[in-house]
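S.K.: kindly return the folded structure for what I paste below:
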Amino acid sequence: MLRDRVDQEPVYASELVGVLVAVGREDEAWQEALRHRRWLGGPQWQTLLERRAVMHPEEVIQPYRDLVEQAILNSADKRRYRRAVALLAALRAAYQAAEEAAAFGRYLAEMRRGRAITYGWSPNTPTSLGFGVGRGAGMQTATALIIDGL
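M.R.: Predicted coordinates for the structure are as follows:
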């Protein structure tokens, strides 16, 4: 019944995903979450990613990449740097669990090349190494962190 309701009104997808997780139907919850991603809240989505990463780390790599980019580009969020760093750590763990650790380094290199990332020091960051991210004409440049050891 709830599934039918979600088909008619996707705004209820969050409730459906929550029920599926609660009754142990993780795979179905994941499929519904992917199908209705825009209707899930950030914390619920991140919790699903964390849970899914345990058994299927390869499936969370792209969603984590999307979240990293969203965090970096969210100029309205004063804590975007910390969020991006936490997400990068989770992304690195997913790459490692999927036995693709080298791909994480390539991902960072891709970000540097593809988005004109520059290195420099920022007094607003907890480490001295940061990078600026730009996506072309008209896009504001945001600053994000790389944690030591990433």
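S.K.: contacts and neighbour counts: CA atoms only from here.
M.R.: Fine.
S.K.: for the helix ranked longest in the chain, packing partners?
M.R.: The helix that spans the most residues within the chain, counting by DSSP state H, is helix 80-97. In terms of contacts (3 or more Cα pairs under 8 Å, 6 or more residues apart in numbering; DSSP states H and E), helix 80-97 is packed against helix 61-73, helix 101-114, strand 142-145.
S.K.: now with 10 Å, please.
M.R.: Applying 3 or more Cα pairs under 10 Å, 6 or more residues apart in numbering; DSSP states H and E, one finds that helix 80-97 contacts helix 42-55, helix 61-73, helix 101-114, strand 142-145.
S.K.: between those, which gets nearest to residue 84?
M.R.: Residue 84 sits nearest to helix 61-73 of all the helices and strands packed on helix 80-97, at 5.2 Å, using Cα to Cα.
S.K.: list the buried residues in that closest one.
M.R.: 61, 64-65, 67-68, 71-73 (16 or more other Cα atoms under 10 Å).
S.K.: could you give me the average pLDDT of it?
M.R.: In this model, helix 61-73 has a mean pLDDT of 91.
S.K.: just the angle between it and helix 42-55, please?
M.R.: 140 degrees (axes from the mean of the first three to the mean of the last three Cα atoms, to 10 degrees).
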